[in-house]
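# what's the 3D shape of this:
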Amino acid sequence: MIQKKEKGVTMITLVITIVLMLILVGTVVMNLDDTQAVRDYVNMQSDITQINEKVNTYYAKNGTLPILNLYRDIGMIYSVRNPNDNNNYYVIDLNAIGLGELNFGINGYLEAIRINKNTPIEVTNKIRDIYIINEQSHTVYYPNGITVGSQTAYCLLEEYTKQDLSVYTP
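Next comes the predicted model:
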């Protein structure tokens, strides 16, 4: 009498298959996280570009910046700040420039308008989900930042050249 060997999945084959599937799932999940981070970075860039255009128009028309409060919690942007910045940063008044549809910064802005204009907002709430602007360079920053991989962006990544303002002083 001839016996047939039963063919089936061995335990080793099953373990190898499960390990490979876990590796694939891990790779997909990591790529999804990076994709969301890149999407957030692009959205922040879009917000800052819109804000820059509106601020420039407002400044040309009114001769002042559309600002609410002085903002002093700027430690996170020191490594990326424009060399033409002075030390005065302000919360941008989004209502004054007509921007209500942004990807970021709305919740922080709503909190900022509830705070007295003479009180630096970080003293009371440490608000970071907000857009700020430097008084001198008009560079716009997002203090909350967007992290992609190991890098965190707080503004549009541009190469700044330090301007010698002394040539303009009478």
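
# and the next helix or strand past the lowest-mean-pLDDT helix or strand in the chain?
None of the helices or strands of the chain scores lower by mean pLDDT, DSSP states H and E than helix 121-124, at a mean of 66. With elements assigned by DSSP states H and E, the helix or strand that comes after helix 121-124 is strand 132-134.

# next secondary structure after that next one?
The helix or strand immediately downstream of strand 132-134 is strand 140-141, counting by DSSP H and E.

# quick one: the helices in this structure?
Along the chain, the segments classed as helices by DSSP state H run 11-62, 94-97, 106-112, 121-124.

# between these, which one is closest to residue 138.
Evaluated with Cβ to Cβ, the helices of the chain place helix 11-62 nearest to residue 138, the distance being 6.5 Å. C-beta here means a position set from N, CA and C on the backbone, and glycine is covered the same way.

# pLDDT of the closest one, averaged?
Helix 11-62 shows a mean pLDDT of 83 in the predicted model.

# stretch 101-118 now?
Average pLDDT, stretch 101-118: 76.

# again, but for stretch 72-84
Averaging pLDDT along stretch 72-84 yields 83.

# please name the bridge partners of residue 92.
Taking DSSP bridges as the rule, residue 92 bridges to residue 67.
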